[in-house]
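# my questions are about this predicted structure, shown below with the sequence.
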Amino acid sequence: MTTSTANTHIFYSIWRNRLIRDSIRNYVCRDTLIDASIEYLNNNHRYLSQFSYHDKVQYNIIIHCNIKDTDDVIGYVNSKHRDLIDRISIDDGVEVAIDNDDQQQQQQESEMIRYDCNLLHQGLRSLSFYNQYTSVGGKLPESIRELTICSMDTDEISCPLVNMILAELPPQLERLSLPEGLKIDVPTCRLPDTLNDFEFITTHKSFKPFVVPPNKVFKCTIDIQSNQDLQWLAHNTWVHQAMYSIDFDENNPMPSHLTRVELYLIKTLRGDILPSSLTSLSIDDFVSLDGLLRPGLRKLELYNYDNPLKQGHLPDSLTELDLGCYNQPLEPFVLPKNLTRLRMESFNQDFQANTLPRSLSYLELESFKGSFEHVGPLDNICGLTVFSLHKSVATLLQNVKKVEIRTDQIGKNVFLKDTAIQDLVLYNSSDTRYKLYPEFLPSALQKLKIRGFKKFENVLPTSCISLKTDMAKLNTKLIPSSVKITKLKN
């Protein structure tokens, strides 16, 4: 028996074992979202049905269907294979109802949008829809684990569908997301014990109906517009985040259980009034940093700070920093050594040696047109945003294997050929499409996702096996047949 024959025999011996075959399929498709129209679902159901319900839950494999119009509703209801769908998102203005001719005539005279929840199949795991003037019938499937209500600037309306759902949430619900300021007209909304993720920004009046299981804490944010909001927050420790929409009063101390605070109207701020539990702080106005920030803070947003940063201003615990207006020279070792995400929207100064920490994964400099020549390699970078890409970026990214780059323009002599990049996402943020010149792309490149460029077919390296692009007139004759091409939507 030859080696080739033996390998073929081993392959089919393994593949005939259903348990092994299913395990391989599930592993390869782990954390995959499959967008399936009704037509795609009906044409490919025998392949999609290879995933069991248990497999899809365990491996986070999601078959998603977007309901865009009445035809989609009819197609979904009539499909014999709709039970394969895990997630449904319903566009704004779409009725989830099936009518006869008389009902259609009556509905044309009504401004209400109808939702017949009984049309949704048991086994559906995730649902999203828009808050709108809606009449309701039926009940949501008990299988739903994720529920998202989206906003279309109609959150002040009282929606019967929303009220019906909140009065009796699905018993297995794990994630609930509500639009900011949603009006709730139910006396009680009991959150199920299974709920792990609840996102909602509102005042205490809309939080009052919620009955929370013991020892649960959620990423909800109270919008503090009055002293009553502060008083409610002090006694409801399940809300850990606060957004101050009123003038901040230092004589009104922050509740000690807060982990995130957003301040918009503030003149002065002392470090001793910030809770020791605080891990995230956002300040819209200018404040002095002297003695302000406590150890333990991990995320800091200073949108209007433009004074020189000094050593000791920023705690070593910081991992995320956003300096919206900052455009001062950076001194060495000022930034915390464990910083992983840095955004400086207005920054356009030269970088000295030892100004950028090696720990950085995401670097966003939307106005930056300068050089990284004194920075050296940053081996953990996986996302880079600059206004203009300088040739020194080849040194910055020389050891990186996977990265996403966003830029408005590419300078002269920018060559990524000798970097280790194998997986590259390249976005042109400007309105002008540029050509890519030879040796710009890495010679080791295997996967390329590119948007906003033109005529790059002849510069693809021979190592490339996957290309995703929004280029309308792609000359495929210049691209090796071994490259799998995927067209991106504009």
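Everything's here; your move. Numbers count the residues shown, from 1 in each chain.
# please tell me how far the closest residue in space to Asn458 that isn't next to it in sequence sits from Ile485.
When the adjacent residues along the chain are set aside, Asn458 lies closest to Leu478, with 5.0 Å between them (C-beta to C-beta, 6 or more residues apart in numbering). In this view, the C-beta of every residue, glycine as well, is placed from N, C-alpha and C. Using C-beta to C-beta, to the nearest Å, one obtains 12 Å as the distance from Leu478 to Ile485.
# residues in contact with stretch 393-400?
372-373, 375-379, 381-382, 384, 386, 403, 405, 414-416, 418-421 (C-beta atoms under 8 Å, 6 or more residues apart in numbering).
# narrow those to those that are buried.
Applying 16 or more other C-beta atoms under 10 Å to these, the neighbour count classes 372, 375, 377-378, 381-382, 384, 386, 403, 405, 414-416, 419-421 as buried.
# restricted to strands, list these.
Leu384, Val386, Val403, Ile405 (DSSP state E).
# spatially, which two of those are the most separated?
Val386 and Val403 (12.4 Å; C-beta to C-beta).
# so where's this structure uncertain?
By pLDDT under 70, the weakly predicted segments of the chain are 1-7, 11-12, 15, 100-111, 153-157, 267.
# where do the domain boundaries of it fall?
Taking automatic domain parsing as the criterion, the chain consists of the domains 1-28, 31-199, 369-490.
# dump these into CSV; add distance to Leu274 as well.
Rendered in CSV, the data for the domains of the chain read as follows (distance: least, C-beta to C-beta, whole Å):
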stretch, distance to Leu274
domain 1-28, 46
domain 31-199, 24
domain 369-490, 30
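# all helices for the protein, in order.
Counting by DSSP state H, the segments of the chain that form helices are 3-15, 18-28, 38-48, 53-59, 70-78, 101-108, 160-167, 204-207, 227-235, 393-396.
# next, format those as TSV and append mean neighbour count and distance to Leu120.
As requested, those are exported to TSV (neighbours: other C-beta atoms under 10 Å; distance: least, C-beta to C-beta, whole Å):
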stretch	mean neighbour count	distance to Leu120
helix 3-15	10	37
helix 18-28	12	26
helix 38-48	15	14
helix 53-59	15	16
helix 70-78	16	9
helix 101-108	10	19
helix 160-167	20	12
helix 204-207	19	26
helix 227-235	15	35
helix 393-396	22	49
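# redo the ones you listed as a markdown table? Include distance to Cys189.
Conversion of the helices of the chain to a markdown table gives the following (distance: least, C-beta to C-beta, whole Å):
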| stretch | distance to Cys189 |
| --- | --- |
| helix 3-15 | 50 |
| helix 18-28 | 36 |
| helix 38-48 | 33 |
| helix 53-59 | 26 |
| helix 70-78 | 28 |
| helix 101-108 | 30 |
| helix 160-167 | 4 |
| helix 204-207 | 10 |
| helix 227-235 | 16 |
| helix 393-396 | 50 |
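# between those helices, which gets nearest to Cys117?
Judged by C-beta to C-beta, the one of the helices of the chain that comes nearest to Cys117 is helix 160-167, at 8.0 Å.
# so what touches the closest one?
Taking C-beta under 8 Å, 6+ apart as the rule, helix 160-167 contacts 115, 117, 129, 131, 134-136, 139-140, 147, 149, 182, 184-186, 188-189, 209.
# among these, which are located in strands?
Counting by DSSP E, those place Tyr115, Phe129, Thr134, Ser135, Val136, Leu147, Ile149, Cys189 in strands.
# among those residues, who's most crowded?
When neighbours are taken as other C-beta atoms under 10 Å, the top entry among those is Tyr115 (26 neighbours).
# return the residues in contact with that one.
Applying C-beta under 8 Å, 6+ apart, the residues contacting Tyr115 are Glu95, Val96, Ala97, Phe129, Thr134, Ser135, Val136, Gly137, Leu161.
# check contacts around the closest residue to Gly452 other than its chain neighbours.
Of all residues beyond its chain neighbours, the one nearest Gly452 is Asn428 (2.9 Å), with distances taken as C-beta to C-beta, 6+ apart. Asn428 makes contact with Thr407, Asp408, Tyr434, Arg451, Gly452, Phe453 under the criterion C-beta under 8 Å, 6+ apart.
# what count of nearby residues applies to the residue lying closest to the second one once chain neighbours are set aside?
What sits nearest to Asp408 in space, not counting adjacent residues and going by C-beta to C-beta, 6+ apart, is Ser430, at 4.2 Å. Taking other C-beta under 10 Å as the neighbour definition, Ser430 ends up with a count of 11.
# got phi/psi on Ser430?
Backbone torsions of Ser430, given as degrees, to the nearest 10, read phi -90, psi 170.
# could you find the closest non-adjacent residue to Glu439?
Nearest in space to Glu439, with sequence neighbours left out and distances taken as C-beta to C-beta, 6+ apart, is Lys417 at 4.3 Å.
# what's the local residue count around that neighbour?
Here the count is done by other C-beta under 10 Å, and Lys417 has 15 residues near it.
# who are the contact partners of it?
Per C-beta under 8 Å, 6+ apart, neighbours of Lys417: Glu439, Phe440, Leu441, Pro442, Ser443.
# make it 10 Å
When the contact criterion is C-beta atoms under 10 Å, 6 or more residues apart in numbering, the partners of Lys417 are Ala394, Pro438, Glu439, Phe440, Leu441, Pro442, Ser443, Ala444, Leu445, Pro461.
# ok, Arg298 next?
Residues in contact with Arg298 (C-beta under 10 Å, 6+ apart) are 259, 278-281, 315, 317-321, 336, 338, 340.
# please list only the buried members of the residues you listed.
Neighbour-count burial (16+ other C-beta under 10 Å) is assigned, among those, to Thr259, Leu278, Thr279, Ser280, Leu281, Ser317, Leu318, Thr319, Glu320, Leu321, Pro336, Thr340.
# show me which of these is closest to Gln311.
Ranked by distance to Gln311 (C-beta to C-beta), the buried ones among the contacts of Arg298 are led by Pro336 at 10.5 Å.
# how far away is that closest one from Pro357?
The span separating Pro336 from Pro357 equals 7 Å under the rule C-beta to C-beta.
# report the set of residues contacting both of those two.
Once C-beta under 10 Å, 6+ apart is applied, the residues that Pro336 and Pro357 both contact turn out to be Leu342.
# who touches Val414 in this structure?
If you count contacts by C-beta under 10 Å, 6+ apart, Val414 has them with Ser388, Leu389, His390, Lys391, Ser392, Val393, Ala394, Thr407, Leu436, Tyr437, Glu439, Phe440.
# would you list the buried entries among those residues?
Neighbour counting over the contacts of Val414 (16+ other C-beta under 10 Å) leaves Ser388, Leu389, His390, Lys391, Ser392, Val393, Ala394, Thr407, Leu436, Phe440 as the buried ones.
# the residue nearest to Asp408 touches Gly452, doesn't it?
Yes. The criterion here is C-beta atoms under 10 Å, and Ser430 meets it with Gly452 at 7.3 Å.
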